[in-house]
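Visitor: Just a sequence and a predicted model for now, questions to come.
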Amino acid sequence: MKLKGLLSTAVAIATGLIVLVGYFVEIPILVNLRVTILNWVILLAAVALFVGLFNLLAVHADKIRNKQKGGIYSLVLIFSLLTTLILGLWLRPDHALMALIFNAIQLPVETSLMAMLVVTLTYASIRLLRRRNNLISIIFLVTALLILLGTAPLPFVGYVPILSDLIRPFIAQVLAAAGARGILIGVALGSLTTGLRVLFGADRPYSSDPSRGGK
């Protein structure tokens, strides 16, 4: 391994050990180092966010400059992004105008997108049932229909008592919550395993050796 790869791996392992040990051992030096490293990470993440933001602006500005298809959407995106950024830095996020922008623009757009997603998933489940007539497809379609009927009031009928009071809460609070917790546990275990592999040097994403995960 090259010296650059060894140095990068050593820094990654040392940083991980300092942060990990600092959570379990109350040594002032380790605690201060852990806090300092975490502050560095937060600062670097903020810088990376701004780099991505400027890259997004550059891509859409080039799209407008070259008069590509969909340039009007790029113009709306740039105007909205700059307006929100300037107002947020000037007025602060807790200002009444920022709350008005969120409640009057972003929240309705997100609600509309979620409604479109529900309709799209229902239509996709019907197409899936036509192509793959198996038990999983039937369960998916029935669950989607029960959630739709139990959430939104029906015309001239209102809420269906059994669906709204029993079935939909059971699916949302028991079955869906159990699935979401299982996914979160799986993500946490996967992240922990990846971190431990980097920590012990099994994976070396900072090295130049392709067999160790480097480029």
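Guide: Sure, I can see it.

Visitor: now the chain, which segments are flagged as low pLDDT?
Guide: Low-confidence segments of the chain (pLDDT under 70): 1-5, 201, 204-215.

Visitor: name the helices or strands packed onto the longest helix seen in it?
Guide: As assigned by DSSP state H, the longest helix anywhere in the chain is helix 28-65. If contacts are counted by 3 or more C-beta pairs under 8 Å, 6 or more residues apart in numbering; DSSP states H and E, helix 28-65 sits against helix 3-24, helix 71-91. (C-beta placed from N, C-alpha, C; glycine too.)

Visitor: Distance to residue 197 and mean neighbour count added to these, as JSON lines?
Guide: Output for the helices and strands packed on helix 28-65, formatted as JSON lines (distance: least, C-beta to C-beta, whole Å; neighbours: other C-beta atoms under 10 Å):
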{"stretch": "helix 3-24", "distance to residue 197": "11", "mean neighbour count": "14"}
{"stretch": "helix 71-91", "distance to residue 197": "38", "mean neighbour count": "13"}
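
Visitor: picking up where we left off before, buried sites along the longest helix of the chain?
Guide: 30, 33-34, 57, 60, 63-64 (16 or more other C-beta atoms under 10 Å).

Visitor: picking that back up, let me have the helices and strands packed on helix 28-65 in CSV, extended by distance to residue 112.
Guide: Below are those laid out as CSV (distance: least, C-beta to C-beta, whole Å):
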stretch, distance to residue 112
helix 3-24, 42
helix 71-91, 16
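
Visitor: Out of those helices, the one nearest residue 187 is which?
Guide: Set against residue 187 and scored by C-beta to C-beta, the helices and strands packed on helix 28-65 come closest in helix 3-24, at 18.8 Å.
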